[in-house]
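S.K.: Below: sequence and its predicted model.
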Amino acid sequence: MKIEERVVRGDMKVSEPYALKGLAAGHVEVEEGGDLQLFGTCASGLTVHPGGRAVVYGFVAGDVVNKGGELHIFGVVTGALREEGGSTNVDEGAVIALGWAA
């Protein structure tokens, strides 16, 4: 697994096992084969596509959309959580500011 503790500028696509302990300044998309472990902050939303997996321990500013992957939320989402497909799990201690729509 690739592990980074830095600021990632602009939008990013994750297509391999990847852990971020810093800041993703743009929108993050987890594609097929991607496995994101987010310990830091995503500043502009997160999308999980079919075949992708994301675990959010940190903070997502904006909406989180599961379009068919595997999504686990343990941290904070300041926007809405939308499940359009796949599997979404929200820990009882997680915070979803604008609600969860399945």
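M.R.: It's in. Numbering: from 1, shown residues only.

S.K.: so what's the backbone phi/psi at Lys2?
M.R.: Main-chain torsions, Lys2, degrees, to the nearest 10: phi -80, psi 130.

S.K.: ok, it touching Ala19?
M.R.: Yes. Using Cβ atoms under 8 Å, Lys2 is in contact with Ala19, at 7.2 Å. Just so you know, the C-beta spots here come from the backbone N, C-alpha and C atoms, and that holds for glycine as well.

S.K.: how about the residue nearest the centre of the chain, what does it touch?
M.R.: The centroid of the chain falls nearest to Leu46 when counting by Cα atoms, centre = their mean (4.6 Å). When contacts are counted by Cβ atoms under 8 Å, 6 or more residues apart in numbering, Leu46 touches 27-30, 38, 54, 56, 60, 62-65.

S.K.: make it 10 Å
M.R.: Residues near Leu46 by Cβ atoms under 10 Å, 6 or more residues apart in numbering: 14, 24, 27-30, 36, 38, 54, 56, 60-66, 71, 73, 77, 79, 81.

S.K.: And Lys2, by the same measure?
M.R.: By Cβ under 10 Å, 6+ apart, the neighbours of Lys2 are 14, 16-20.

S.K.: Go again with 6 Å.
M.R.: Taking Cβ atoms under 6 Å, 6 or more residues apart in numbering, we find Lys2 in contact with Tyr18.

S.K.: Val55 too?
M.R.: For Val55, the contacting residues are 37, 72, by Cβ under 6 Å, 6+ apart.

S.K.: Where does it fall, secondary structure wise?
M.R.: Here Val55, judged by DSSP states H and E, is contained in strand 53-56.

S.K.: Pairing partners for that strand, with directions?
M.R.: In the sheet, strand 53-56 lines up against strand 35-38 (parallel), strand 64-73 (parallel) (DSSP bridges).

S.K.: Just the buried ones from the contacts of Leu46?
M.R.: Among the contacts of Leu46, those buried by neighbour count (16 or more other Cβ atoms under 10 Å) are 14, 24, 27-30, 36, 38, 54, 56, 60-66, 71, 73, 77, 79, 81.

S.K.: Provide the backbone phi and psi angles at His95.
M.R.: His isn't right for residue 95; it's Val. phi -120, psi 120.
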